[in-house]
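S.K.: predicted model, plus sequence, below.
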Amino acid sequence: MNYVAKDKHYLIHGKHSDKENKDVIVFSESQGITLKDIDGQEYLDVISGGFNMTLGHGRKEIADAVFKQLTRMDYHIITPGVSNTSTIDLAEKLVTLAKKSFPKMRSIFFASGGAEANETAYHMVLKYWENKGKTQRKKIISFEKAYHGSSFIAASADNTYQDYGWDRLDAKPNMFPKIPFPNGTYFDNKNIALGETVGKAAARILEQTILNEGSDSVAAFIFEPIQGDAGVLIPHEDFFPLAREICDKHGVLMIADEVMTFGKTGKYFAMDHWKVHPDIITLAKGISNGYLPLGAVVLSEDIHQVVMNADTPFKHNYTYSGHPACCAASMATLEIMETENVNEKAALVGQKILKILTDRLANLPIVKEVRGIGLINGIQLREDKAAEIEKILLKEEKIVSHSNKVGNTLQFVPSVVITDQELEKIVSSFERVLLKFGGSRK
């Protein structure tokens with residue numbers, strides 16, 4: 001069997017159905033934003049691998065750092081009384097980085113990815129409230145259409161996973177109440193009172209949800225600062241400062257899921273745009289540039305002291321938490337981000353991307369809106385044709401893109417190394433395909 005046949009026979013893809021997905025392209029090489037398949041055909045990657053390769057493919061510095069670490073010390077599990085230099089170095093680096101924006105941050109727990117990090121954050125929150133003698137605080141508020149991963153707790157915080165997570169159990173009470181995201185795209189205008197912005201309306205709904213659920217039963221509010229898979233939704237500027245006030249008022253912890261946003265918005269942490277200090281930050285994807293699986297949970301001093309200095313230990317661990325090679329990949333990634341001024345570049349490249357997408361695509365008949373911040377951009381359509389267009393872009397234009405789970409937005413999240421020529425080629429491909437769904441320009 002060739003690779004295509006073997007893939008279909010042996011490999012199960014994520015979010016896949018054999019009835020719906022009959023074709024597969026098998027990649028074998030990558031460099032910059034270019035992928036090459038087993039037949040030598042080149043493709044341009046407009047989603048940075050899986051929204052994680054901010055620095056692009058083929059960064060030899062990262063591969064060399066991983067090789068050096070593996071030949072020096074390959075692996076040993078981190079348990080009470082046992083650690084390693086690579087993991088300690090990265091813990092110090094990431095916490096120090098976080099403290100520059102959020103000075104109350106103290107420590108870090110490593111996982112193997114974003115879903116594990118968010119799952120861990122939930123366990124941390126439960127342990128925090130248990131140690132404070134408030135065991136009834138178990139509910140987690142999240143945004144509608146959120147994406148925090150595919151594990152049980154992470155999926156439970158996503159109302160589009162109706163056949164997955166908590167909703168699948170059909171259990172009562174609902175432990176994962178949802179509120180609308182503070183962006184006008186999906187927000188019901190009927191919920192905006194006279195004189196309110198969408199941000200103030202969403203904040204009011206957050207507080208009302210806390211009160212309706214019982215403030216003594218709500219443990220935390222988990223959120224993406226910018227919703228990615230919902231269609232690149234950017235919150236109204238007044239929401240997060242108000243949300244911080246509300247959560248403080250009712251004793252609700254704030255968990256910022258920066259898995260997708262880290263290093264892509266012009267700042268390391270997207271929450272820095274609103275100068276709002278979360279209690280917990282979860283990270284993954286870009287912290288290792290996708291080279292090896294790595295997730296992280298950054299804790300504030302308060303959370304650390306209550307969870308870690310208790311009579312009973314925090315009984316949570318993963319076999320590969322803080323794997324030395326993964327941490328070496330992350331250290332190399334962070335060093336490149338610093339030396340190459342990636343945050344500044346992401347802001348500048350992002351401005352260029354948003355301008356060309358707006359100038360060339362926003363006035364096409366099928367396009368409803370173009371929006372973005374830094375490297376994270378979205379093209380919202382007037383019809384749920386994004387999945388169909390994604391397949392056409394791949395097959396006809398050799399562009400690797402991604403349609404959001406709602407089905408109406410194409411995500412445009414390239415690596416920061418994208419060139420002007422590559423950007424022009426990609427946008428021209430999008431333009432050709434989008435014009436097939438509505439004829440000439442408006």
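M.R.: Happy to help now that I have it.
S.K.: alpha carbons only for contacts and neighbour counts from here, please
M.R.: Fine.
S.K.: walk me through the domains of the protein.
M.R.: 3-55+341-435, 64-339 (automatic domain parsing).
S.K.: next, format the ones you listed as a markdown table and append mean pLDDT and mean neighbour count.
M.R.: Shown next, in a markdown table, are these (pLDDT from 0 to 100; neighbours: other CA atoms under 10 Å):
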| stretch | mean pLDDT | mean neighbour count |
| --- | --- | --- |
| domain 3-55+341-435 | 94 | 18 |
| domain 64-339 | 93 | 20 |
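S.K.: and the helices in the stretch 251-400 of the chain?
M.R.: For the stretch 251-400 of the chain, helices defined by DSSP state H, counting those that start in this stretch occupy the ranges 301-308, 324-339, 342-361, 386-397.
S.K.: please state the offset of the first one from the chain centre?
M.R.: The one in question is helix 301-308. When C-alpha coordinates are averaged (CA atoms, centre = their mean, to the nearest Å), helix 301-308 and its chain have centres 25 Å apart.
S.K.: how about residues contacting it?
M.R.: Outside helix 301-308, the residues within contact range by CA atoms under 8 Å, 6 or more residues apart in numbering are Lys104, Met105, Arg106, Ser107, Met124, Lys127, Tyr128, Asn131, Lys132, Asp279, Pro313, Phe314.
S.K.: in a markdown table: those, plus distance to Tyr3 and secondary structure.
M.R.: Below are the contacts of helix 301-308 laid out as a markdown table (distance: CA to CA, whole Å; DSSP: H, G, I helix; E, B strand; the rest coil):
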| residue | distance to Tyr3 | secondary structure |
| --- | --- | --- |
| Lys104 | 50 | coil |
| Met105 | 47 | strand |
| Arg106 | 47 | strand |
| Ser107 | 44 | strand |
| Met124 | 43 | helix |
| Lys127 | 47 | helix |
| Tyr128 | 49 | helix |
| Asn131 | 53 | helix |
| Lys132 | 55 | coil |
| Asp279 | 46 | coil |
| Pro313 | 47 | coil |
| Phe314 | 45 | coil |
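S.K.: widest-spaced pair of these?
M.R.: The distance between the two most remote of the contacts of helix 301-308 (CA to CA) is 22.4 Å, for Lys104 and Pro313.
S.K.: reformat the helices of the stretch 251-400 of the chain as JSON lines; add distance to Tyr3.
M.R.: Putting these into JSON lines (distance: least, CA to CA, whole Å) gives the following:
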{"stretch": "helix 301-308", "distance to Tyr3": "48"}
{"stretch": "helix 324-339", "distance to Tyr3": "28"}
{"stretch": "helix 342-361", "distance to Tyr3": "35"}
{"stretch": "helix 386-397", "distance to Tyr3": "18"}
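S.K.: isn't Ala219 right up against Leu253?
M.R.: Yes - contact criterion CA atoms under 8 Å: Ala219 and Leu253 qualify, at 6.4 Å.
S.K.: any residues in contact with both of those two?
M.R.: Between them, Ala219 and Leu253 share these contacting residues under CA under 8 Å, 6+ apart: Val125.
S.K.: from what I can see Lys127 touches Phe314, true?
M.R.: Yes - using CA under 8 Å, Lys127 makes contact with Phe314 at a distance of 7.2 Å.
S.K.: next, the angle helix 301-308 makes with the strand or helix carrying Glu116.
M.R.: Assigned by DSSP states H and E, Glu116 belongs to helix 114-131. Angle of helix 114-131 versus helix 301-308, following axes from the mean of the first three to the mean of the last three CA atoms, to 10 degrees, is 80 degrees.
S.K.: tell me the helix or strand right after helix 114-131.
M.R.: Next along from helix 114-131, by DSSP H and E: strand 139-143.
S.K.: now for that next one, which elements pack on it?
M.R.: Helices and strands touching strand 139-143, as assessed by 3 or more CA pairs under 8 Å, 6 or more residues apart in numbering; DSSP states H and E, comprise strand 178-179, strand 218-223.
S.K.: select, out of those, the one closest to Lys60.
M.R.: strand 218-223 (34.1 Å).
S.K.: what pairs with that closest one, parallel or antiparallel?
M.R.: strand 139-143 (parallel), strand 253-257 (parallel) (DSSP bridges).
S.K.: with just CA atoms, put the host helix or strand of Asp89 into PDB.
M.R.: Using DSSP H and E, Asp89 falls within helix 85-101. Extracted in PDB, the C-alpha atoms of helix 85-101 (Å, rounded to 0.1, in the frame of the first residue of the first chain):
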ATOM      1  CA  THR A  85      17.400  21.300  34.800                       C
ATOM      2  CA  SER A  86      15.600  21.800  31.500                       C
ATOM      3  CA  THR A  87      12.100  21.900  33.100                       C
ATOM      4  CA  ILE A  88      13.300  24.200  35.900                       C
ATOM      5  CA  ASP A  89      14.900  26.600  33.400                       C
ATOM      6  CA  LEU A  90      11.600  26.800  31.400                       C
ATOM      7  CA  ALA A  91       9.500  27.200  34.500                       C
ATOM      8  CA  GLU A  92      11.600  30.200  35.500                       C
ATOM      9  CA  LYS A  93      11.600  31.600  32.000                       C
ATOM     10  CA  LEU A  94       7.800  31.500  31.500                       C
ATOM     11  CA  VAL A  95       6.900  32.600  35.000                       C
ATOM     12  CA  THR A  96       9.300  35.600  34.700                       C
ATOM     13  CA  LEU A  97       7.800  36.400  31.300                       C
ATOM     14  CA  ALA A  98       4.200  36.200  32.800                       C
ATOM     15  CA  LYS A  99       5.200  38.400  35.800                       C
ATOM     16  CA  LYS A 100       6.200  41.300  33.500                       C
ATOM     17  CA  SER A 101       2.600  41.600  32.500                       C
END
